[in-house]
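> The sequence isn't on hand, but the structure is:
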């Protein structure tokens with residue numbers, strides 16, 4: 001795990017994220033992706049295009065608005081049928097954003113396939129930011145545990161690496 005991982009992300013309850021994603025009909029998913037993207041763009045060299053982020057948020061807002069409008073006017077199914085195109089385009093952008101953020105987090109953690117912090121593609125595609133936050137929490141817990149193990153030796157003036 002890269003040293004900066006701890007300085008980029010913060011721990012947050014994955015259960016809270018799940019509940020908020022459900023209650024907000026996915027809007028919290030977009031917020032978390034934006035939050036992760038902002039942190040990645042501010043604190044790493046692995047930038048995510050701001051134009052892509054804005055377009056994706058705009059498409060999601062149109063998608064969500066048309067979905068709510070369609071559900072309110074459920075008696076007229078042509079409204080939902082008429083918005084299928086925007087739903088498909090918005091979904092493609094959403095999934096692409098999830099993949100981009102996932103790949104950046106894997107780069108930041110220095111994880112590769114099979115590592116403990118590796119964000120697996122299938123699980124990420126199902127649980128999105130909930131799984132990402134779970135892995136971030138694991139990484140932060142591992143870093144804190146490693147820091148606690150090394151701290152007593154450092155504070156005692158001992159060499160933390162016994163092989164040197």
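Right, received. Where do you want to start? As the structure is a prediction and not an experimental result, all values here were calculated from the model. Numbers count the residues shown, from 1 in each chain.

> buried set for the top helix by length along the chain?
The single longest helix within the chain, with elements called by DSSP state H, is helix 121-155. Under the neighbour-count criterion of 16 or more other C-beta atoms under 10 Å, helix 121-155 has 124, 127-137, 139-140, 142 buried. C-beta: built from backbone N, CA, C; applies to glycine.

> Widest-spaced pair of those residues?
The largest separation in the buried residues of helix 121-155, counting by C-beta to C-beta, is between 128 and 142 at 22.1 Å.

> so which strand or helix has residue 32?
Remark: residue 32 resides in helix 27-43, with elements defined by DSSP states H and E.

> list the helices and strands that helix packs on?
Counting by 3 or more C-beta pairs under 8 Å, 6 or more residues apart in numbering; DSSP states H and E, the packing neighbours recorded for helix 27-43 are helix 5-8, helix 14-23, helix 50-72, helix 84-109, helix 121-155.

> who wins for proximity to residue 39 among these?
Among the helices and strands packed on helix 27-43, the nearest to residue 39 by C-beta to C-beta is helix 5-8 (5.4 Å).

> buried stuff in the closest one?
Quick answer for helix 5-8 (16+ other C-beta under 10 Å): 5, 8.

> and what of stretch 70-86?
By 16+ other C-beta under 10 Å, the buried positions in stretch 70-86 come out as 70, 79, 80, 83, 86.

> Does the last one touch residue 59 like I think?
Right, the one you point to is residue 86. Yes: the criterion here is C-beta atoms under 8 Å, and residue 86 meets it with residue 59 at 7.0 Å.

> wait, what's in contact with residue 127?
residue 134 (C-beta atoms under 8 Å, 6 or more residues apart in numbering).

> Quick one: mean pLDDT for the longest helix of the chain?
Mean pLDDT, helix 121-155: 82.
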